[in-house]
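S.K.: Provided below are the primary sequence and the corresponding predicted coordinates.
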Amino acid sequence: MFSWLTNAWRVPELRHRVLFTALILAVYRLGSWIPAPGVNASAIKDYFGHQGGTVLNLLNLFSGGALSQFAIFALGIMPYVTASIILQLLTVVVPRLEQLQKEGEAGMAKINQYTRYLTVGLAAAQSLGYAYLFKRQGILEASTGRTVLIVLTLTAGTTLLMWMGELITKRGVGNGISLLIFASILTSLPGGITAWYYGGVMEKLFFPLIAIGIIVAVVFIQEGQRRIPIQYAKRMVGRRMTAGGSTYMPLRVNMAGVIPIIFAAAVMAFPPTIGQYFPQTQNFINSHFSPSNLTYLLMEGFLIIIFTYFYTAVQFNPVDQADQLRKHGGYIPGIRPGPPTAQYLDRVLTRLTLPGSLYLAIVAVLPSIFIRYFGFSQATSRALGGTSVLIAVGVALDTMRQMESQMMMRSYEGFLK
């Protein structure tokens, strides 16, 4: 590993990319500590100390703690992620967007432009909602002019983060948006390690083993795939006969990524958030929507499974894949081209998605189970398990693959075996 790092540092282009990425991430973390104008950051931080079961706590995790400071990067990059997911879902129901998606690079550039516009709109609406919420709770004294200034500041911060993420993708290492989320997740790591160090005997002994086991399971499932063999027949292209060949179509076990967990957590956190405005419902909310409640865990796991199937169906269309294979002269051995191929792919994908969805559900609910039944602290389980590990490991693997390809182009031995 150390020899690989040394070889990577010797490559000037790769060294410049790594340093540029580190510089952008440092600017991002700096902006997460600079409060918005006219904000009492200490009062808002105290307010977030009592929001363990609401959607605000989830959003604060993905902003790297900037939301609890109400900093200029308080919204994080999540408005852009939300806009991207909305555009992906709309491509299924809007024919114009579906046509743009099939036009190649020019169409994707147009969709990216729509995503940026939608990001600005979502950031403005979200920042206005935060200002109204904090003003209603009595922790933000803001006139109309100051509210407008706060909304403009937070919206500009999100727009700047979107630009920084695209810069990392072009001139840095890895996917810029994913790395910004990765940096936000890692900010909870020191607090989790501190809570583990001062935790009970059971937590000190078993949590390192459990955390390592979760990381190994995440890597195993994330890299797992079903390879469907594809055979290409000989055909005439112009005046030349192209030779047939064989390859495979990789279908990942977890094709939906971490999106189903985010969807399910947001849905389950919505009732406690709304319950803040209706004090008479607090007893019902505390009984059924507490993160350590068994009913809550079962409902969250069920929603994750449902969302995994839904998002996988959005990501992979068996009919389109079968049409593409037939147009290029490809077929699956033993399966007729056309509708039979689509039915076969749909059947394989349905069976493959089941273990992937169960894996996501188990990873998501494990921290809450440890908190309730094994006496683990909430800070430790949130920082070192579940969604945090899934995102961090996934982004780290993708970044390592890109660095691996850069090394292999220069005849260095890679790191991933």
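M.R.: Received it, and whenever you're ready, just let me know what you need.

S.K.: where do the strands sit along this structure?
M.R.: When secondary structure is read from DSSP state E, the chain shows strands at 225-232, 235-237, 240-242, 245-252, 330-331.

S.K.: tell me how far the closest residue to residue 69 other than its chain neighbours lies from residue 48.
M.R.: Leaving aside its chain neighbours, residue 69 sits nearest to residue 41 (5.0 Å; criterion: Cβ to Cβ, 6 or more residues apart in numbering). Where C-beta positions appear, they are placed from N, C-alpha and C, glycine not excepted. With the distance defined as Cβ to Cβ, to the nearest Å, residue 41 ends up 11 Å from residue 48.

S.K.: one more: residue 222?
M.R.: Here residue 222 is placed at a distance of 31 Å from residue 48 (Cβ to Cβ).

S.K.: cool, residue 112 as well?
M.R.: Computed as Cβ to Cβ, the residue 112 to residue 48 distance reads 33 Å.

S.K.: so for the two, which residue has more residues nearby?
M.R.: With neighbours defined as other Cβ atoms under 10 Å, residue 112 and residue 48 compare such that residue 48 has more, 18 against 12.

S.K.: my guess is that one contacts residue 57, does it?
M.R.: Yes - at 7.3 Å, residue 48 and residue 57 qualify as touching, with contact defined as Cβ atoms under 8 Å.

S.K.: skipping its backbone neighbours, what lies nearest residue 172 in space?
M.R.: Using Cβ to Cβ, 6+ apart and skipping the chain neighbours, the partner closest in space to residue 172 is residue 21 (3.6 Å).

S.K.: tell me who's in contact with the one you found.
M.R.: Residue 21 makes contact with 168, 172-174, 179, according to Cβ atoms under 8 Å, 6 or more residues apart in numbering.

S.K.: pLDDT wise, what is it at?
M.R.: The predicted local distance difference test score for residue 21 is 89.

S.K.: tell me which stretches of the stretch 1-150 of the chain form helices.
M.R.: Under the criterion DSSP state H, counting those that start in this stretch, the stretch 1-150 of the chain contains helices at 2-10, 12-31, 41-48, 55-62, 66-69, 78-93, 95-101, 105-136, 144-171.

S.K.: and residue 59, what does it touch?
M.R.: Taking Cβ under 8 Å, 6+ apart as the criterion, residue 59 is in contact with 67, 76, 78.

S.K.: mind redoing it with 6 Å?
M.R.: Listed by Cβ atoms under 6 Å, 6 or more residues apart in numbering, the contact set of residue 59 reads residue 67.

S.K.: then residue 229?
M.R.: In this structure, residue 229 makes contact with 248, 333, judged by Cβ under 6 Å, 6+ apart.

S.K.: re earlier: neighbours of the residue nearest to residue 69, how many?
M.R.: Applying other Cβ under 10 Å, we find 15 other residues in the vicinity of residue 41.

S.K.: what does residue 306 give?
M.R.: Residues within reach of residue 306, counting by other Cβ under 10 Å, total 14.

S.K.: what's the pLDDT at it?
M.R.: The model reports residue 306 with a pLDDT of 89.

S.K.: okay, the nearest residue to residue 305 once chain neighbours are set aside: pLDDT?
M.R.: Leaving aside its sequence neighbours, residue 305 sits nearest to residue 357 (Cβ to Cβ, 6+ apart; 4.2 Å). In this model, residue 357 is scored at 88, pLDDT.

S.K.: can you report how many residues lie near residue 357?
M.R.: Look at residue 357: counted by other Cβ under 10 Å, it has 24 neighbours.

S.K.: quick thing: my sequence starts at 675, can you match it?
M.R.: All right, first residue 675 from here; so that's residue 1031.

S.K.: which residues are contacting stretch 1001-1021?
M.R.: For stretch 1001-1021, contacts defined as Cβ under 6 Å, 6+ apart pick out 903-907, 909, 992-993, 995-996, 1000.

S.K.: just give me the neighbour total for the residue lying closest to residue 971 once chain neighbours are set aside.
M.R.: Leaving out its chain neighbours, the residue that sits closest to residue 971 by Cβ to Cβ, 6+ apart is residue 1039, at 4.8 Å. Using other Cβ under 10 Å, residue 1039 has 20 neighbouring residues.

S.K.: okay, the residue nearest to residue 743 and residue 822: tell me how far apart.
M.R.: For residue 715, the distance to residue 822 (Cβ to Cβ) stands at 20 Å.
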